[in-house]
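Asker: Dropping a prediction and its sequence here:
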Amino acid sequence: MSTEPRLAEVAQPEPAQQAAPGTDQAVKETLEDYTLRFAPRSYRRWTPMVVATTALGGIAYMADFSIGAGIGLAHGTGNALLAIAVAAVVIFVTGFPLAYYGARYNIDLDLITRGSGFGYFGSVLTSVIFASFTFIFFALEGSIMAQGLKLGLGLPLWLGYLVSTLMVIPLVIYGMTALSKLQVWTTPIWLLLMVGPLVYLVATDPGTVDRFLAYAGTDGDGGINTASVLLGAGVCLSLIAQIGEQIDYLRFMPPKTEANKRSWWTAVVMAGPGWVVLGALKQAIGVFLAVYIIAEVGASAAPEPIQQFKGAFDAMMPSWLVVPLAVVLVVISQIKINVTNAYSGSLAWTNSFTRVTRRYPGRMVFVLVNLGFALALMEADMFSFLNSILGFYSNCAIAWVVTVATDIGINKYVLKLSPHAPEFRRGMLYAVNPVGVVAFVAASGLSIAMYFHALGDALQPYSPVAAAVIAFVLTPLMAVVTKGRYYLRRTDDGIAEPPLDADGNPSAVAYECHVCRQQFERPDVAACRTHDAVVCSLCLSTDKVGDHVLPAAV
């Protein structure tokens, strides 16, 4: 007879054990937005379209306009548009399986990564990559807002950086509840202010389109050049990690049923990989406005979104209204994206810190840490070397996202070497899975070497391609070599109730964690090693001595 722990459908907890350090604080903070855990059905009250609108509100950032302008000014319109299109296709294809898993199983990208080739501690690497993404782009958006505040209110840039950092803190404290309201109510205003000037310029001066299409750039002759396209695509692909922020919202999708499957799929595709459609359009608009500004003002102001929209508004409305509207657009955009950057960054840092130290210091600590990093980058004037930062960063982001997407698409569904349902709980996973870790390290390492010309000048533009190809090839190869043995440390979590219901959705059956005495749904708990009771995933993470962690299967 098996001696493995086995519980009835709903366990009767023993008297409460002493909670792991930090557990009480963790319970108070994570029950608002389920920072480190599965998002339960009882909390997911929003319709698919509300979740999608909230998720898409987070991509209102102005950085796309700067990115598109920078590529267009350097390489010309033709190369810029091709680069934007290439990057958009890669981002859509790799983002689809990640968005589906996040929405279907109600977990964030870090939890997906753990069970998709990286292991319990292996995914700390990618959490740091994602956290870096959030503060890099927070700094970029904060810089753009500071430019707007300088133009509209005369604030010096250093003070604008500080204002743009501090103003998001109150909005980030309350998680999904506050963010959903903010994004839904501000999106119509943002769309009107962004699209209106473009439509007006095209309608009243068709010559702007001809100048836009004919622009040759400073580094080319107007012809299509493969190296230029790939260099531009590499900058755009730095945004590939944006899917992580989309999933931070998509994890709150309601269960997929026959009744809602059409709206469910529409929301997942639109707010998951579909974010890149709007992102690519914004980048193309950035090229258009930059070319327009060059003709009207001069090249020095063209990469700055505040100057782009100031020039566009100036053509269509009284001068007294131009600067206020441009500033309003920039401020709304910055708030919409930077509450998401601060929120998602705090989740990533907290996930990593809690796993490594087995302590939960509170998510707000890492909101402040993330904002501190961002403020330092702003004060260092990162805006002036934007494309260099993004070109370097994209290699790491591409390697990570392609590795996880390939594990889901190939290793789970084709080779069937990776477990179909995601796993994220401590004790169920190996500490490190060489499948994802090796693929990620090799892909990012080699592509970064290429980016810094270590393999020759001719190969330098191909670094993002190398990151994607190496990750795509090595991920299934490592799964075959290891025969999939390092995905699961054990397959039985000691609970009789299936983790998924009859429709394939995570089960809503509730259990009480005998450590923190809170109710959690079936996917978020496992049997305790030393008691006839269950333990939630966060209490497992903060268990310093391993009393509650199930042993490896024999």
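Answerer: Everything's here; your move.

Asker: Count the neighbours of the nearest residue to residue 345 once chain neighbours are set aside for me.
Answerer: The spatial neighbour of residue 345 that comes closest, neighbours along the chain excluded (C-beta to C-beta, 6 or more residues apart in numbering), is residue 134 at 3.3 Å. All C-beta spots, glycine's among them, are computed from the backbone N, C-alpha and C. Other residues near residue 134 number 28, with proximity taken as other C-beta atoms under 10 Å.

Asker: Do I have it right that residue 134 meets residue 341?
Answerer: Yes: counting by C-beta atoms under 8 Å, residue 134 touches residue 341, with 4.5 Å between them.

Asker: State the distance from the most centrally placed residue in the chain to residue 372.
Answerer: The residue lying closest to the centre of the chain (C-alpha atoms, centre = their mean) is residue 244, at 2.3 Å. Shown here: residue 244 relative to residue 372, a distance of 20 Å by C-beta to C-beta, to the nearest Å.

Asker: which residues in this protein form strands?
Answerer: Under the criterion DSSP state E, strands of the chain are mapped to 510-512, 519-521, 525-527, 534-536.

Asker: of those strands, which approaches residue 416 most closely?
Answerer: strand 525-527 (24.1 Å; C-beta to C-beta).

Asker: Give the pairing partners of the closest one; include direction for each.
Answerer: strand 534-536 (antiparallel) (DSSP bridges).

Asker: Can you name every helix or strand that the longest helix along the chain contacts?
Answerer: Scanning the chain for the longest helix, with DSSP state H as the assignment, gives helix 319-357. Here helix 319-357 touches helix 109-113, helix 124-153, helix 169-172, helix 175-204, helix 242-250, helix 305-314, helix 363-379, helix 537-541, going by 3 or more C-beta pairs under 8 Å, 6 or more residues apart in numbering; DSSP states H and E.

Asker: buried ones in the last one?
Answerer: Put plainly, it is helix 537-541. 537-541 (16 or more other C-beta atoms under 10 Å).

Asker: sorry, back to before: skipping its backbone neighbours, what lies nearest the residue nearest to the centre of the chain in space?
Answerer: residue 109 (4.2 Å).

Asker: My guess is the one you found contacts residue 242. True?
Answerer: No: with contact defined as C-beta under 8 Å, residue 109 does not count as touching residue 242 (10.6 Å).

Asker: neighbour-wise, which of these two wins?
Answerer: Between residue 109 and residue 242, counted using other C-beta under 10 Å, residue 109 has the larger neighbour count: 32 against 25.

Asker: Looking at that one now. What's its pLDDT?
Answerer: pLDDT for residue 109: 90.

Asker: residue ranges with poor pLDDT in the stretch 351-500 of the chain?
Answerer: 383-387 (pLDDT under 70).

Asker: Apply 90 and report the result again.
Answerer: 351-394, 421-422, 452-453, 455-462, 464-465 (pLDDT under 90).

Asker: likewise the stretch 201-350 of the chain?
Answerer: 201-228, 231, 234-239, 241-242, 244-245, 248-249, 258-259, 278, 289-350.

Asker: Over to the stretch 1-150 of the chain?
Answerer: In the stretch 1-150 of the chain (pLDDT under 90), the answer is 1-40, 42-47, 50-67, 69-70, 73-75, 108, 110, 125-150.

Asker: what do you get if the cut-off is 50, keeping everything else the same?
Answerer: Regions of the stretch 1-150 of the chain meeting the criterion pLDDT under 50 cover residues 1-32.

Asker: all helices for it, in order.
Answerer: Counting by DSSP state H, counting those that start in this stretch, the segments of the stretch 1-150 of the chain that form helices are 23-33, 48-57, 63-75, 77-105, 109-113, 124-153.

Asker: Turn these into a markdown table, including distance to residue 248.
Answerer: Converted to a markdown table, the helices of the stretch 1-150 of the chain look like this (distance: least, C-beta to C-beta, whole Å):
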| stretch | distance to residue 248 |
| --- | --- |
| helix 23-33 | 9 |
| helix 48-57 | 8 |
| helix 63-75 | 18 |
| helix 77-105 | 8 |
| helix 109-113 | 8 |
| helix 124-153 | 10 |
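
Asker: Out of the ones you listed, which is closest to residue 484?
Answerer: helix 109-113 (16.7 Å).

Asker: list the contacts for residue 188?
Answerer: Going by C-beta atoms under 8 Å, 6 or more residues apart in numbering, residue 188 touches no other residue.

Asker: i'd like the first residue to be 449 from this point on
Answerer: Noted, 449 is the first residue going forward, which turns the last one into residue 636.

Asker: Return the member of the buried residues of helix 985-989 nearest to residue 895.
Answerer: residue 989 (31.9 Å).

Asker: I'd assumed residue 874 was in contact with the closest one.
Answerer: Yes: between residue 989 and residue 874 there is a contact under C-beta under 8 Å: 5.6 Å.

Asker: quick one: common contacting residues for these two?
Answerer: residue 803.

Asker: just to revisit the earlier point, pick the most buried one from the strands of the chain.
Answerer: Each of the strands of the chain was assessed for mean neighbour count using mean count of other C-beta atoms under 10 Å. The highest is strand 982-984, with a mean of 29.

Asker: Residue 974 and residue 717: what is the separation?
Answerer: Distance from residue 974 to residue 717, by C-beta to C-beta: 33 Å.

Asker: bridging residues for residue 974?
Answerer: Beta-bridge partners, per DSSP bridges, of residue 974: residue 983.

Asker: Tell me which residues touch it, please.
Answerer: The neighbourhood of residue 974, defined by C-beta under 8 Å, 6+ apart, consists of 873, 875-876, 941-943, 982-983, 985, 988, 998.
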